[in-house]
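# sequence plus the predicted model coming up.
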Amino acid sequence: MRRRIRIAASGLYVCLTASVALAQGGTPVALRVAVAPPTARADSAAIPAAVSQAWRPASGARAPWWAPVLSGVVPGAGQFAMGQQRSVGYLVAEGYLILQQVRARRDANRDRDAYRALAFEVARQPFGGERPRGSWDYYESMEKYLESGAFDRIPGGSIDPETDESTYNGARWLLARETYWLNPAVAPAVGSAEYQRALAFYQSRAVPAAFQWSWRDAQLQRDVYAQTIASANRSVQRAVNYVGLIGANHLVSLIDAYVSVRVRRFGGAGVVGMSMESIHTVVEPVGDPRDGRRQLRTAIRLVPERR
């Protein structure tokens with residue numbers, strides 16, 4: 001049976017290409033398989049140009065066992081130790097990705113400082129006081145609600161929650177009533193367990209006086225605030241995407257180095273009568289050249305085992 005498999009596979013060239021996009025939005029890792037006819041050669045149209053005789057490992061070439069580990073830590077370092085020119089591609093990709101990640105994080109921090117300053121100087125300015133810095137959820141709520149509403153409508157004595165349901169605090173009090181009262185429109189006795197549980201719920205979620213805000217008569221500034229938060233969110237997402245691409249670059253470099261070491265030491269790994277002959281990695285454009293998108297492409301060539 002194995003003999004038949006080897007005969008059927010004889011002369012077939014299989015190229016496996018793993019692509020990692022170096023675009024801002026990121027692209028999923030893709031695996032593509034192409035099979036060429038037995039008569040195809042390395043320079044034919046049936047085999048990707050990335051696989052060529054020039055990149056076939058020479059006999060007796062250096063193959064240190066620690067090269068994959070080195071590539072996992074610093075992409076391209078293992079390839080450099082084996083004298084492979086594609087090490088430059090991994091290093092360039094790593095530098096580019098790190099630079100873009102740092103730039104995205106810088107943009108996110110700049111936008112964060114901008115929307116915090118806008119909230120401090122416009123929406124919170126009428127209420128004075130220290131106006132301490134809030135959490136991310138707080139600034140997100142400022143985008144959704146025109147006003148926070150009062151925390152305690154009548155100062156002194158017990159807390160009187162905000163009743164204007166169009167405000168942030170008013171919406172929290174409505175939620176508390178719907179959660180703990182039998183009828184949110186009919187208040188139970190102030191001393192009852194239902195009322196006290198609703199009040200505790202409100203106190204834990206409502207915005208206190210030190211964080212009160214209002215965008216009334218400042219719609220233009222509110223629009224700018226919303227745009228700045230959206231820009232900050234996009235920058236944060238870009239930074240996260242680049243972290244993932246950096247990790248993918250490390251992984252691809254590690255696998256590349258491992259395969260190269262195995263090919264040089266043992267002549268490749270046998271797969272149903274096939275063995276790995278060569279491997280090559282290139283950086284190439286993706287889509288419209290004007291977009292400046294690039295992908296890291298690794299091609300592996302399998303040939304029939306010699307018996």
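Structure received.
# phi and psi next, for Gly134.
For Gly134, the backbone dihedrals (degrees, to the nearest 10) come out as phi -100, psi 180.
# contacting residues for it?
The contact partners of Gly134, taken as Cβ atoms under 8 Å, 6 or more residues apart in numbering, are Phe211. Every C-beta, even on glycine, is put in place using the N, C-alpha and C of the backbone.
# buried residues in stretch 171-186?
For stretch 171-186, a neighbour-count test (16 or more other Cβ atoms under 10 Å) marks 171-177, 180-181 as buried.
# got the CA positions of stretch 160-171 in PDB?
Output of stretch 160-171 as PDB, limited to C-alpha atoms (Å, rounded to 0.1, in the frame of the first residue of the first chain):
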ATOM      1  CA  ASP A 160     -32.800  61.300  47.500                       C
ATOM      2  CA  PRO A 161     -31.900  59.600  44.100                       C
ATOM      3  CA  GLU A 162     -32.200  61.400  40.800                       C
ATOM      4  CA  THR A 163     -35.600  60.900  39.200                       C
ATOM      5  CA  ASP A 164     -35.000  62.300  35.700                       C
ATOM      6  CA  GLU A 165     -34.600  59.000  33.800                       C
ATOM      7  CA  SER A 166     -32.900  60.800  30.800                       C
ATOM      8  CA  THR A 167     -29.800  61.400  33.000                       C
ATOM      9  CA  TYR A 168     -27.300  58.700  33.900                       C
ATOM     10  CA  ASN A 169     -28.100  58.700  37.600                       C
ATOM     11  CA  GLY A 170     -31.800  58.700  36.800                       C
ATOM     12  CA  ALA A 171     -31.400  55.700  34.600                       C
END
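# Thr298 belongs to a strand?
Yes: assessed by DSSP: H, G, I helix; E, B strand; the rest coil, Thr298 belongs to a strand.
# so it touches Asp256, yeah?
Yes: in this structure Thr298 lies within contact range of Asp256 using Cβ atoms under 8 Å: 5.7 Å.
# the two: who's more crowded?
Between Thr298 and Asp256, counted using other Cβ atoms under 10 Å, the more crowded position is Asp256 (29 against 22).
# the more buried one and Pro155, how far apart?
69 Å (Cβ to Cβ, to the nearest Å).
# okay, domains of the chain per the record?
2-102+236-304, 128-230 (automatic domain parsing).
# distance between the shortest one and the chain's centre?
It refers to domain 128-230. 33 Å (Cα atoms, centre = their mean, to the nearest Å).
# and the end-to-end length of it?
Start and end residues of domain 128-230 are separated by 27 Å (Cα to Cα, to the nearest Å).
# now it: mean pLDDT?
Domain 128-230 shows a mean pLDDT of 94 in the predicted model.
# low-confidence ranges, the stretch 1-150 of the chain, go.
Applying pLDDT under 70 to the stretch 1-150 of the chain flags residues 1-61.
# longest helix anywhere in this structure?
helix 219-266 (DSSP state H).
# give the other helices and strands that that one contacts.
With contacts taken as 3 or more Cβ pairs under 8 Å, 6 or more residues apart in numbering; DSSP states H and E, helix 219-266 sits against strand 13-21, helix 67-73, helix 77-81, helix 87-118, helix 136-144, strand 274-285, strand 294-304.
# so that helix versus helix 87-118, what angle?
If you take axes from the mean of the first three to the mean of the last three Cα atoms, to 10 degrees, helix 219-266 sits at 160 degrees to helix 87-118.
# from the chain's centroid, how far away is helix 219-266?
For helix 219-266 - counting by Cα atoms, centre = their mean - the centre lies 5 Å from the chain centre.
# where does the prediction get shaky in the stretch 201-307 of the chain?
267-283, 290-294, 296, 305-307.
# what residue lies at the spatial centre of the protein?
Most central in the chain under Cα atoms, centre = their mean is Asn241, positioned 2.6 Å from the mean C-alpha point.
# want to throw the helices and strands packed on helix 219-266 into CSV with distance to Ser231?
What follows is those, written out as CSV (distance: least, Cβ to Cβ, whole Å):
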stretch, distance to Ser231
strand 13-21, 23
helix 67-73, 34
helix 77-81, 36
helix 87-118, 5
helix 136-144, 12
strand 274-285, 27
strand 294-304, 24
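# tell me which of the ones you listed sits nearest to Ala248.
The minimum distance between Ala248 and those falls on strand 13-21, with 4.6 Å, by Cβ to Cβ.
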